[in-house]
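Peer 1: Any chance you can model this:
(chains A and B)
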Amino acid sequence: MPQGEGAKRSQPIIETHGLTRKFKETWAVAGLDLSIRPGSLFGLVGPDGAGKTTTLRLLAGLLDVTAGSATVAGYDLARHPEAIKASIGYMAQRFSLYAELSVLENLSFFAELYDVDPAWFRQRRERLLDFAGLTPFKDRRAQHLSGGMKKKLALACTLIHEPPILLLDEPTTGVDPVSRREFWDILTELYLGGTTVLVTTPYMDEADRCSRVGLMYEGRLVVCDQPQRIRDRVEGELIEVQTTAWEPARDLVNTLRGVLEVQTYGETLHLLVDSSEDRLPEIRIQLDEAGIAYQTVRRSTLRMEEAFISLVRKMEEGTN
Amino acid sequence: MSLRHMRAVFRKEIWHIMRDRSTFVLVLLTPITLLFIMAYALTVDIEHVPIAVLDGDRSPLSRAFTKQVTVGDDLDLHTRVSSLDEIDRLLKQGQIKAGLIIKPAFGSDVMSNRGMPVQIVIDGTEPESGAFAMEQIGRRAQSFVAQRIARQGGPAGAGSAAAEPIQLHIQALYNPSLKPRVDMVPGLISLVLGFPALSVALTLAHEREHGTLEQLMVTPVGRAELLLGKMLPYLLVGLINVVVIPLIAVLTLRIPFHGSFPLFFLLSIIFLFAMLSMGTLVGVLMRTQPAALALSFLVIFFPGFFMTGIFFPLAAMPAEVRMEAMILPGTHYAIMARGIFLRSASISQLWPQTVALLGLGMVFTAVAAFVFRKKLA
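Peer 2: Next up is the predicted model:
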C-alpha cells in the first residue's frame, strides 16, 4: 500500500488538530485532537450525539471539514482525499451493500472499484470468505443474509484492498451477542496482523477489547488512554448491591458517607465508594436497619461501563 | 477515467435491473404498455361512423352513390331505411350518427347537371362524428359528380362550367387521411422513453437512501465513471425499446415506417443519452426516491406531454414556451421520429435536432457530474 511521506511506524497514522464540523447550529465535532499510532485497535466511545460518526465520516473524506486539519496514512485530508480513500477501509453504520448481489458479487464489485489485481483477488476472496465465515453462503444474495452475516460481508468488502487503516462505525450495533463476539475475534486478528483499526461502539465490553480508548463528549475527546488506565481514573472502588427494593436502597445509599456515586443497572446498584473494605459492612448495617431486603452486597471490579458512566456524568456536571 | 471502474458499475447495474423486479418492469415493460394505452386512448381517430340511407330514388345511380359514400373505413352503412321516422328513431337510439336522404329526383338531376338533391341529418350531440360524416359525404358527393362529368366527356357547355363551384383540391402529403395516430405514435415514443430516465433518477436516489452511495464514495471510483457506468445499462435497455416499439407501432398500430431504421436507431441512442443525462441530473439533485419521482414528473413527463409538440403543435405556443420546449430532448426527438417514420427524412434534414440532442446530453451530464460530489452533505 502506498503511504505518504513521513508515515513511519513511530508517528501517528491518524492525526487531527482542532478538527471541527458544524451542521447548521450544531457543532458535531468541536476541535477534536486525536492521535492514533499505527497498529492500534482504537475504540471511540461516547454517548449518542457525541460526534463519533461525524468524526469517522470526516476522516473518510465523506464530509467537508469546517475547521482544523487531519492527516490519514500520511496524507493531508484537505489536499489528498482520494489518496486517503485508497488507504482506508470504511464501513458505514448501517448495512450498505447491494441486496440483489450475491456475497461473491459484492466482493468482486468492490475489488474492481479498488483496482485489486484479478488474479490476486481470486486468491484473496477465498481467504476473506473463510475469515468471515461466509464460504458456505458465497452465492447467497446479500438480502437473504442474517444481520451478523451482513456485517461480516460488509467488513470483508472493506478489507478487499488490504487497507492499512480500517474505520468502522458501530459495526456490531444490532447484532446478536454470538455474532458480536465472532466479529470482535476477526477485528482482534486484524489488529494482531498489524492493521490500524478505528472503531466506534456503544458497547463498553467492546471498549475493553481495544488497545486504546478515546471517550468523546460533545464533539471533543475528553479522555484517551488504555482501557485499564481509564478505569483507574475513576475514583473509588466498586460495591454491588442486588435488591428488589432498589429504589429505597438507592435513596438510602446516596446519603451514606463515603459513597461517591450510585449507578443503577436494573435491580443491581453499583456504588463507587472511597474504600470498599471500610464501607461494605456499613452499607449492610444501614440496609438492615432500614429494613431493606437484599440478595447480595459484595465488592466487585470496576468495568469500563461504570467508568464510562462516571466520566460522562462528571462531564455533564461540568457543563451544567 | 478508469474503464475498469465503469465496467464494474455497469455490470452491477445490469444485475440490479435484471434482478429487481420493479426496476425491470419500469424500464422494459412500462414504455411498451404505455405506448399501447396512449395510442389507443389518446388519439382521436374517427372511423366506422354508422349511417343510415333513405334512398328515395332507387336508381342505379343512387345505388352507385350510396356505395361510393360507404366504401372504406370512414362511414359504415348501418341500414337502408324507407322513412324519415326510421332515421329519427335510429339517431335517438344512438345506433347511427348521421342519415343520408337521397331525394327521388336524384338520378335525373345529376344526369342533367342540375345539382345533387341530397340531405344529411346528423346527431348534433356528437358533433365530431356528425361533422365528420357530413364532411365525408360532401367530399364524396363532389368526387361522384366530378367522375360523372369526366365520364360524359367534360362539361356539357360553357354555362354549366361557370356554374360549377370552385373546388379546392387539398392533398395532405405523407399522411393522406390526416389520421392523428399516425403522427402521434412516433411522438409518443419520445414520451415513453422517459422511463429509462426516470429509472436512472430513482436508482441514484435509491443508492443514497440505502447508504450504498456512502460506501461508493469512499472507494476511488470517479464521479464520471460512476455516473456513466450507471447511465449506460439504462441506455442499452432503452435500446431494446427502440427496437420493439417501432415493430409494435408498425405491426399492430399500422403506423407506416418509411425511413431508414439504422438512422432511427442511431438517433434514438443520442436521444436516450440526452434523456438519461436529464434523469441523472434529477437523481443527483434529489436525495430520496419520492423527491426524484416528483421532479422527474415535473421536468420529464409533464413537459414531455404538453410542450414537445406531440399533442399540441409547437407553432401554437407562445415564443417563450417554444424556447423552453427547445431544451427538452423530447421536442427534437418527436420531430426526428415523425420525420423518419412518415417522411423518410434523412440525416441531412435532421442534423439540427441531432446536434441539439448531443448538446443537451453533454450539458446535462456535465452539470450532473459537477453537482454530484463524493460527499454526504
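
Peer 1: Mind checking what helix or strand follows the worst-scoring helix or strand of chain B on mean pLDDT in sequence?
Peer 2: Least confident helix or strand, chain B: helix B:158-163 with a mean of 43, by mean pLDDT, DSSP states H and E. Next along the chain after helix B:158-163, taking DSSP states H and E as the criterion, comes helix B:180-192.

Peer 1: Other residues contacting that following helix?
Peer 2: Helix B:180-192 is contacted by residues B:30-32, B:34-35, B:38-39, B:42-45, B:175, B:241, B:245-246, B:249, B:253, B:255-256, B:271, B:301, B:304-305, B:308-311, B:329-330, B:333-334, B:337-338, B:340-342 when judged by Cβ atoms under 8 Å, 6 or more residues apart in numbering or on different chains. C-beta: built from backbone N, CA, C; applies to glycine.

Peer 1: Restricted to helices, list the residues you listed.
Peer 2: Residues from the contacts of helix B:180-192 lying in helices, with DSSP state H as the criterion: B:30-32, B:34-35, B:38-39, B:42, B:241, B:245-246, B:249, B:271, B:304-305, B:329-330, B:333-334, B:337-338.

Peer 1: which among these are in contact with chain A?
Peer 2: Residues of those in contact with chain A (Cβ under 8 Å from any Cβ of the partner chain): none.

Peer 1: For the buried ones among those, write the corresponding PyMOL selection.
Peer 2: Command for PyMOL that selects the buried part of the ones in helices among the contacts of helix B:180-192, burial taken from 16 or more other Cβ atoms under 10 Å in any protein chain shown:
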select buried, chain B and resi 30+31+32+35+38+39+241+245+246+249+271+304+305+329+330+333+334+337+338
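
Peer 1: ok, the single nearest residue of the stretch 201-350 of chain B relative to chain A - contacts?
Peer 2: Residue nearest to chain A within the stretch 201-350 of chain B: B:G211 (3.5 Å; Cβ to the nearest Cβ). Residues counted as contacts of B:G211 (Cβ under 8 Å, 6+ apart) are A:92, A:94-96.

Peer 1: Most neighbours among those, which one?
Peer 2: Most neighbours among the contacts of B:G211, by other Cβ atoms under 10 Å in any protein chain shown: A:A92, with 27 neighbours.

Peer 1: Close to chain A: what parts of chain B are there?
Peer 2: Taking Cβ under 8 Å from any Cβ as the contact definition, chain B meets chain A at B:2, B:4-5, B:7-9, B:11-12, B:15-16, B:19-20, B:210-212, B:214-221, B:374-377.

Peer 1: Now intersect those residues with the helices, please.
Peer 2: Counting by DSSP H, the residues of chain B next to chain A contribute B:4-5, B:7-9, B:11-12, B:15-16, B:19, B:212, B:214-217 to helices.

Peer 1: domain ranges for chain B?
Peer 2: Split into domains by automatic domain parsing, chain B comes to B:49-173, B:180-376.

Peer 1: now those as TSV including distance to A:N254?
Peer 2: Listed next are these as TSV, based on distance: least, Cβ to Cβ, whole Å:
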stretch	distance to A:N254
domain B:49-173	89
domain B:180-376	44
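
Peer 1: so of the ones you listed, which one's packed in deepest?
Peer 2: domain B:180-376 (a mean of 20; mean count of other Cβ atoms under 10 Å in any protein chain shown).

Peer 1: Now the helix-or-strand element of chain A with minimal mean pLDDT: buried residues?
Peer 2: Of all helical and strand segments in chain A, the minimum by mean pLDDT, DSSP H and E falls on helix A:304-319, at a mean of 83. If you call a residue buried by 16+ other Cβ under 10 Å, then helix A:304-319 has these buried ones: A:304-312, A:314-315.

Peer 1: Equivalent analysis for stretch A:182-193, please.
Peer 2: Buried-residue list, stretch A:182-193, by 16+ other Cβ under 10 Å: A:182-184, A:186-187, A:190-191.

Peer 1: Can you list the low-confidence ranges for chain B?
Peer 2: B:42-45, B:127, B:152-180 (pLDDT under 70).

Peer 1: most distant residue from the middle of chain A?
Peer 2: A:E289 (43.3 Å; Cα atoms, centre = their mean).

Peer 1: and the particular helix or strand that has that one in it, what's its mean pLDDT?
Peer 2: For A:E289, the host element (DSSP H and E) is helix A:276-290. Across helix A:276-290, the average pLDDT comes to 89.

Peer 1: Outside of it itself, list whatever touches it.
Peer 2: Residues contacting helix A:276-290 (Cβ under 8 Å, 6+ apart): A:237-239, A:241, A:243, A:248-249, A:252-253, A:256-259, A:271, A:273, A:294, A:297-299.

Peer 1: Just the CA trace of it, in PDB.
Peer 2: What follows is helix A:276-290, C-alpha atoms only, in PDB (Å, rounded to 0.1, in the frame of the first residue of the first chain):
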ATOM      1  CA  SER A 276     -14.800  -0.800  49.800                       C
ATOM      2  CA  GLU A 277     -13.200  -2.500  52.700                       C
ATOM      3  CA  ASP A 278     -14.500   0.100  55.100                       C
ATOM      4  CA  ARG A 279     -17.900   0.800  53.500                       C
ATOM      5  CA  LEU A 280     -19.100  -2.700  52.800                       C
ATOM      6  CA  PRO A 281     -20.000  -3.600  56.500                       C
ATOM      7  CA  GLU A 282     -21.500  -0.100  57.000                       C
ATOM      8  CA  ILE A 283     -23.800  -0.500  54.000                       C
ATOM      9  CA  ARG A 284     -25.000  -3.900  55.200                       C
ATOM     10  CA  ILE A 285     -25.800  -2.500  58.600                       C
ATOM     11  CA  GLN A 286     -27.600   0.600  57.200                       C
ATOM     12  CA  LEU A 287     -29.700  -1.600  54.800                       C
ATOM     13  CA  ASP A 288     -30.700  -3.900  57.700                       C
ATOM     14  CA  GLU A 289     -31.600  -1.000  59.900                       C
ATOM     15  CA  ALA A 290     -33.800   0.500  57.200                       C
END
